[in-house]
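A.B. asks: I'd like to go over a predicted model; first the sequence, then the structure.
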Amino acid sequence: MQPFCQKIYSVLNDIVDVYQYIGHELEITGMWGNIQKPNTYFKHHTHYNNIFSGVFYLNENEGFPDITFWRSGETSFDPKRVEFNPFNRGSWFERTEKDKLIIFPAWLQHSVDLNKTNEDRISISFNAILKGDYYNVTI
């Protein structure tokens, strides 16, 4: 597991650099395995008390459901658009592909539809936080 965790930390550090967060230490706060059996789903949820969440897929099947990310319903206005893209639509999905790592903000709602295959959909998920000074608290 150590090489796997080191890869996650490496990618998370790249993301932290893009966000330009300073003076923080990354910490994976939890990691767990998911086995999505046939005819099961994962309802809409978020991972509060963390900064980042992620999933790594261990297998794939063309019939596996995607992970779907949902825009917050708290938007006051919904202007018309020329074309939908990942930044302006109500939801966005990512395919389940073996060895694919997806990292996203922990506050972002996500779900997985019904697994209609006869095969288990297997992944490893995790949460991470930045330890250090925030504007309103020190972690």
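C.D. replies: Noted; the coordinates are in hand. Residues are numbered from 1 along each chain as shown.

A.B. asks: packing partners for the worst-scoring helix or strand of the chain on mean pLDDT?
C.D. replies: In the chain, the helix or strand scored least confidently by mean pLDDT, DSSP states H and E is strand 91-94, which has a mean of 90. Here strand 91-94 touches strand 67-70, going by 3 or more C-beta pairs under 8 Å, 6 or more residues apart in numbering; DSSP states H and E. Heads up, the C-betas are built off the backbone N, CA and C, glycines and all.

A.B. asks: for the strand it packs on, packing partners?
C.D. replies: Under the contact criterion of 3+ C-beta pairs under 8 Å, 6+ apart, strand 67-70 touches strand 91-94, strand 109-112.

A.B. asks: ok, then the element right after the least confident helix or strand of the chain?
C.D. replies: strand 101-105 (DSSP states H and E).

A.B. asks: how far off centre is that following strand?
C.D. replies: Between the centre of strand 101-105 and the centre of its host chain there is 4 Å, according to C-alpha atoms, centre = their mean, to the nearest Å.

A.B. asks: over to stretch 18-37?
C.D. replies: With C-alpha atoms, centre = their mean, you get 9 Å for stretch 18-37.

A.B. asks: list the buried ones in the strand or helix carrying Glu27?
C.D. replies: Element membership of Glu27 [criterion: DSSP H and E] is strand 25-36. By neighbour count on 16 or more other C-beta atoms under 10 Å, the buried set for strand 25-36 is Leu26, Ile28, Met31, Gln36.
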